[in-house]
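Undergrad: Sharing a model prediction with you, sequence too.
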Amino acid sequence: MAYDKFTLYHHPASRSSRARWALIETLGNEGFDLVTFDLYEASQYDDDFLKKNPNHAVPVLAVTKDNETHHIFESGAIILWLADSFPTAELAPLANNFSLERATFLQWFTFVSNSFDAMLWQIRLNEELLPTEKADTKTPTRYREKITTDVEPQLVAQLADNAYFLGDKFSAVDIILTHCLLWAQMYGLCTHDKLNAYVERMMARPSFLQAYDDMDKFNPALSDDAPLKDKLIG
């Protein structure tokens, strides 16, 4: 099916970089428009943006066809939709054939984009974003331990000596996982030699370099006077 236009709403090195990477893999770097938001300025709370995503977050992918625009939010949903809509990119096993390969893909895609991501978000939220009086010190401690004892060993075992996470072929799971591992390594987590080597391989991919070409603009710290500070609730 042909579409007229794609527009990605984006913040550097955030979850929207995952969607940008998937867009580059499926459409090429010139196949979509990029609108960059400064999340720290809280522009995602503007009325116009809330019509695109009531959860006031990026990414949002605007897909236009026949003068009608549909907005897709959640990085996992965007990437999975792109993978299934553009099968020639081979980012996922075909959805129209039940297979254990597809089941394994969905299992890991969901685990990384939901479970692993949620643990990392709680660490970031409570250690870096929320004011001291709102932050919970116990939650990030628990998730740091869970990532170390439960998540990292699973990832290492699944990766084994494969070039990519699911074997010898790059997939949408690699897009999500690379971002989560970079995020985890910011906190000193997931530093096993196999994971370090894997991240280096993924970062050498030309499409990664294009998707993360603004990574130097990401600042993990949120200043006390940032407009976002007063709006964060979790």
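TA: Right, received. Where do you want to start?
Undergrad: How far does stretch 181-200 sit from its chain's centre?
TA: Put simply, stretch 181-200 sits 15 Å off its chain's centre (CA atoms, centre = their mean, to the nearest Å).
Undergrad: And it, what's buried?
TA: The neighbour-count check on stretch 181-200 (16 or more other CB atoms under 10 Å) flags 181-184, 187, 189-190, 195, 198-199 as buried. Where C-beta positions appear, they are placed from N, C-alpha and C, glycine not excepted.
Undergrad: what do you get for stretch 89-109?
TA: In stretch 89-109, counting by 16+ other CB under 10 Å, buried: 89, 91-93, 105, 108-109.
Undergrad: End to end on it, go ahead and measure it.
TA: Distance between the two ends of stretch 89-109: 17 Å, counting by CA to CA, to the nearest Å.
Undergrad: ok now it, how far from the chain's centre?
TA: Worked out by CA atoms, centre = their mean, stretch 89-109 lies 19 Å from the chain centre.
Undergrad: Now do it: everything it contacts.
TA: Stretch 89-109 has contacts (CB atoms under 8 Å, 6 or more residues apart in numbering) with 22, 25-26, 76, 79-80, 82-84, 87, 158, 165-166, 169-173, 175-177.
Undergrad: sorry, back to before: now the buried residues of stretch 89-109 in a markdown table, with distance to residue 142?
TA: Below are the buried residues of stretch 89-109 laid out as a markdown table (distance: CB to CB, whole Å):
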| residue | distance to residue 142 |
| --- | --- |
| 89 | 38 |
| 91 | 33 |
| 92 | 32 |
| 93 | 34 |
| 105 | 29 |
| 108 | 23 |
| 109 | 25 |
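Undergrad: any chance of those in a markdown table, plus secondary structure and pLDDT?
TA: Converted to a markdown table, these look like this (DSSP: H, G, I helix; E, B strand; the rest coil; pLDDT from 0 to 100):
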| residue | secondary structure | pLDDT |
| --- | --- | --- |
| 89 | helix | 98 |
| 91 | coil | 98 |
| 92 | coil | 97 |
| 93 | coil | 96 |
| 105 | helix | 97 |
| 108 | helix | 98 |
| 109 | helix | 98 |
